[in-house]
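> Based on what follows, work out the 3D shape:
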Amino acid sequence: MDFTQARVNMVKCQAVPNMVREPALLEGLLQIPREDFATGSHREFAYSDLPIPWNDGGRRSLTPVQTGWLIQEMQLTAGDRVLVIGAGSGYECAVLAAMGMTVFALESDPELAARGAKLTDPAKVQWQVAPLAEGWSQGGRYDGILFCGAVPTLPNRIVGQLQEDGVLVGILGSVGDVAMRAVRVSGIPVRQETLFETVAPSLPGFGDDAVFRL
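Next up, the predicted model:
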């Protein structure tokens, strides 16, 4: 399979027609070999518009279009500090690093984190293995926070890790929901807006305590 051509086709036929237009983001999507972040036979589906398994434990990716939409909605500038929650094997981290961001990756699965750290080592992504619902307060405050999967609620402690003008994006919903919604949280006072309806794989470890509500 010609992965390079498949990557170009993904950008031209999936990302751009679906309003992913930010130049640095498109360049990042073209630059990062998504197949490297999948395993075994799943590599062949790396550029399909579907979630693909990152491992044999049930963890799956966002689709390329979901990744593009969510990153674009953060409206980042090169040099911004971004926390990626549920970073998996590091694909979104690699794209953000290619865009010039300083990236912090939080992952609860040690094996996934080890693979992600190796794959993103040239980009100097910083990794931590810890429960996702705690965020990474030791990393300071972030200009952007990206959830790489669906969560039922947004914990206050993670929203509180944003800079005053920072932006958090993610997908709200629970296992079995036929419709979830991508949201953007920003500003002081905090504002939440719905971006689009979608369905995404759920991230582990999120309960209903300490949630952010308008």
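> CA only for contacts and neighbour counts going forward, please
Noted.
> List the buried residues for stretch 122-137?
For stretch 122-137, burial by neighbour count (16 or more other CA atoms under 10 Å) applies to 123, 125, 126, 127, 128, 129, 130, 131, 132, 133, 135, 136.
> Check the secondary structure at the fourth one for me.
Using DSSP: H, G, I helix; E, B strand; the rest coil, the three-state assignment for residue 127 comes out as strand.
> again, but for residue 97
Under three-state DSSP, residue 97 comes out as helix.
> how deep is it tucked in, by neighbour count?
Counted with other CA atoms under 10 Å, residues neighbouring residue 97 total 25.
> Low-confidence regions, this protein specifically.
56-57, 207-214 (pLDDT under 70).
> All the helices of it, residue numbers only.
3-10, 23-31, 64-73, 91-98, 110-119, 156-159 (DSSP state H).
> returning to what we had before: of all the buried residues of stretch 122-137, which two lie farthest apart?
For the buried residues of stretch 122-137, the maximum inter-member distance is 25.1 Å, found between 123 and 133 (CA to CA).
> Just to check, residue 97 is in contact with residue 105?
No: between residue 97 and residue 105 there is no contact, the gap being 11.0 Å when judged by CA atoms under 8 Å.
> show me what contacts the residue nearest the centre of the chain?
The centroid of the chain falls nearest to residue 148 when counting by CA atoms, centre = their mean (3.5 Å). By CA atoms under 8 Å, 6 or more residues apart in numbering, residue 148 lies in contact with 61, 62, 67, 84, 85, 86, 87, 88, 92, 170, 203.
> Next up, the contacts around the residue with the largest distance to the centre of the chain.
Relative to the centre of the chain, and counting by CA atoms, centre = their mean, the farthest-placed residue is residue 1 at 26.1 Å. If you count contacts by CA under 8 Å, 6+ apart, residue 1 has them with residue 44.
> ok, now residue 6?
residue 47.
> rerun that using 10 Å as the cut-off
Residues counted as contacts of residue 6 (CA atoms under 10 Å, 6 or more residues apart in numbering) are 12, 30, 33, 44, 45, 46, 47, 48.
> for this protein, what spans make up the strands?
For the chain, applying DSSP state E gives strands covering 81-85, 102-107, 126-129, 142-151, 162-172, 180-186, 191-198.
> In TSV: these, plus distance to residue 55.
As requested, the strands of the chain are exported to TSV (distance: least, CA to CA, whole Å):
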stretch	distance to residue 55
strand 81-85	17
strand 102-107	13
strand 126-129	16
strand 142-151	15
strand 162-172	21
strand 180-186	24
strand 191-198	23
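> Between the ones you listed, which one is closest to residue 113.
It's strand 102-107; of those, that one is closest to residue 113 (CA to CA) at 5.8 Å.
> Can you give me the first-to-last residue distance of stretch 143-158?
12 Å (CA to CA, to the nearest Å).
> May I see the buried residues of it?
Those would be 143-155, 157-158, for stretch 143-158 by 16+ other CA under 10 Å.
> what do you get for stretch 113-120?
So, applying 16+ other CA under 10 Å, buried residues of stretch 113-120: 113, 114, 116, 117, 119, 120.
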